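K.L.:
Attaching a predicted model along with its sequence, questions to come.
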Amino acid sequence: MSIFSGLFSKEKKESLDKGLEKTKENFFTKLGKAVVGKSKVDEEVLDELEEVLITSDVGVNTTIKIIQRIEDRVARDKYLGVDELDKILREEIAGLLAENNTKDLSDFSLPEGKKPYVIMVVGVNGVGKTTTIGKLSAQYKRKGLKVVLGAADTFRAAAVDQIKLWGERVGVPVVARGMNTDPSAVAFDAVKQGVEDNADVVIIDTAGRLHTKVNLMNELSKIKRVMQKFIPDAPHEVLLVLDGSTGQNAAIQAREFTKATDVTSLAITKLDGTAKGGVVIGISDEFKIPVKYIGVGEKVDDLQVFNKMEFVDSFFKKSV
């Protein structure tokens, strides 16, 4: 079967539902234990709920906001039964995410007026960065867009080989100079080829090391400066890839990278293999940086455009 075989939106929703199964099972098992024997939402239930949310990797700050909103409802409505807790949680989390001033994408589209649109992809090793680049390339190619990839993670031979493999698989050119070459030179060549080929999008892979913020900042700044010799406002997007299965460690990485460079969008991967999918809620709330993509499986189509309300719907959808 071709990697470009399309999925209807219904099937994508089913894939999202399935990808969040472990997270949901973990969350609702904990929630069930927290309210057993209780009839109304009181201070004890809220304390238990706070622990459930934090241990489900929603994050402390976001959990405090959610608890405060539910406390306000309890004070306003006087009596809330524990049987209403799922509905209340769903509404308050949806409300919180809706206030983030970040717009959801409708599909794998690119902004108009930027050609080629240059995306610099950052993230530590092992988060699924190169795989995300490959899947994103496939989605753009499916839309009829012309893609060029730049293998600027030159510190690991495996990274260069992996992106070349994705280039062959998807059918897009890869600019590479091999291992231990100057990453900024690779980025420059990729952007140059993108302009010469009249490409729609150039995606640059970068090294996943995070030894110190200073080294990371200097390296990414140099890559940016070199690309700007060819396209003054490049990169148009800095996409940070995070591994959702690491839970709060993903949030820590987000904090480090946002200090080191101007991250403009996020992709959260590997949600299908973890019970820590609640981290998406916390990261979306805390950073106010658009979560553009989530990974809910191995297939190309399992890299999905993130929709806040669809995510909340799947999170609270009970398995049949």
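P.N.:
That came in fine, so what should we check first?

K.L.:
Only C-alpha atoms from now on, for both contacts and neighbour counts.
P.N.:
Fine.

K.L.:
Please export the C-alpha coordinates of stretch 170-185 as CSV.
P.N.:
The C-alpha trace of stretch 170-185 is given here as CSV (Å, rounded to 0.1, in the frame of the first residue of the first chain):
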residue,chain,number,x,y,z
VAL,A,170,8.7,9.9,0.1
GLY,A,171,10.3,11.0,-3.2
VAL,A,172,11.8,14.3,-2.2
PRO,A,173,15.4,15.6,-2.6
VAL,A,174,17.7,15.6,0.5
VAL,A,175,20.6,18.0,0.7
ALA,A,176,23.4,16.3,2.8
ARG,A,177,27.1,16.7,3.2
GLY,A,178,27.6,13.7,5.5
MET,A,179,28.7,13.4,9.1
ASN,A,180,30.8,16.0,11.0
THR,A,181,30.3,18.8,8.4
ASP,A,182,29.1,22.3,9.2
PRO,A,183,25.4,22.2,9.9
SER,A,184,24.9,25.8,8.8
ALA,A,185,26.5,25.0,5.4
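
K.L.:
Before we move on, what's the pLDDT of E196?
P.N.:
You'll see E196 listed with a pLDDT of 95.

K.L.:
Any stretches of the stretch 1-150 of the chain with poor pLDDT?
P.N.:
Across the stretch 1-150 of the chain, the ranges flagged by pLDDT under 70 are 1-8, 101.

K.L.:
hmm, try it at 80
P.N.:
For the stretch 1-150 of the chain, applying pLDDT under 80 flags the ranges 1-9, 78-80, 100-104, 106.

K.L.:
can you map out the strands along it?
P.N.:
Counting by DSSP state E, counting those that start in this stretch, residue ranges of the strands within the stretch 1-150 of the chain are 117-122, 147-151.

K.L.:
any idea which of these is most buried?
P.N.:
strand 147-151 (a mean of 28; mean count of other C-alpha atoms under 10 Å).

K.L.:
Any regions of the stretch 151-300 of the chain where pLDDT drops low?
P.N.:
Short version for the stretch 151-300 of the chain, where the test is pLDDT under 80: 208-217.

K.L.:
on that earlier part again, looking at the strands of the stretch 1-150 of the chain, which is nearest to N100?
P.N.:
strand 117-122 (22.8 Å; C-alpha to C-alpha).

K.L.:
What mean pLDDT does stretch 309-320 get?
P.N.:
So the average pLDDT for stretch 309-320 ends up being 81.

K.L.:
can you put the strands of the stretch 1-150 of the chain in CSV and add distance to L85?
P.N.:
Below are the strands of the stretch 1-150 of the chain laid out as CSV (distance: least, C-alpha to C-alpha, whole Å):
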stretch, distance to L85
strand 117-122, 38
strand 147-151, 47
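
K.L.:
Tell me which of the ones you listed sits nearest to K38.
P.N.:
Among the strands of the stretch 1-150 of the chain, strand 117-122 comes nearest to K38, with 46.3 Å by C-alpha to C-alpha.

K.L.:
Out of the strands of the stretch 1-150 of the chain, which is closest to D233?
P.N.:
Of the strands of the stretch 1-150 of the chain, the one closest to D233 (C-alpha to C-alpha) turns out to be strand 117-122, at 9.1 Å.

K.L.:
Could you name the helices and strands sitting against the closest one?
P.N.:
helix 129-142, strand 201-205, strand 237-243 (3 or more C-alpha pairs under 8 Å, 6 or more residues apart in numbering; DSSP states H and E).

K.L.:
Any chance of a markdown table for these, columns distance to V191 and mean neighbour count?
P.N.:
Below are the helices and strands packed on strand 117-122 laid out as a markdown table (distance: least, C-alpha to C-alpha, whole Å; neighbours: other C-alpha atoms under 10 Å):
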| stretch | distance to V191 | mean neighbour count |
| --- | --- | --- |
| helix 129-142 | 15 | 22 |
| strand 201-205 | 6 | 28 |
| strand 237-243 | 14 | 25 |
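
K.L.:
Include distance to K18 when you put those into CSV, please.
P.N.:
Below are those laid out as CSV (distance: least, C-alpha to C-alpha, whole Å):
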stretch, distance to K18
helix 129-142, 19
strand 201-205, 29
strand 237-243, 18
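
K.L.:
Nearest to D86, out of those?
P.N.:
Closest among the helices and strands packed on strand 117-122, using C-alpha to C-alpha: strand 237-243, at 26.9 Å.

K.L.:
so how far is the closest one off the chain centroid?
P.N.:
Put simply, strand 237-243 sits 7 Å off its chain's centre (C-alpha atoms, centre = their mean, to the nearest Å).

K.L.:
show me the contacts for the closest residue to L136 other than its chain neighbours.
P.N.:
In this structure, L136 finds its nearest non-sequential neighbour in L303, 7.5 Å apart by C-alpha to C-alpha, 6 or more residues apart in numbering. Going by C-alpha atoms under 8 Å, 6 or more residues apart in numbering, L303 touches 132, 135-136, 269, 293-297.

K.L.:
which one among those gets closest to A190?
P.N.:
Of all the contacts of L303, A190 sits closest to L136, with 16.8 Å by C-alpha to C-alpha.

K.L.:
could you check the distance from that closest one over to N26?
P.N.:
Distance, L136 to N26, by C-alpha to C-alpha, to the nearest Å: 30 Å.
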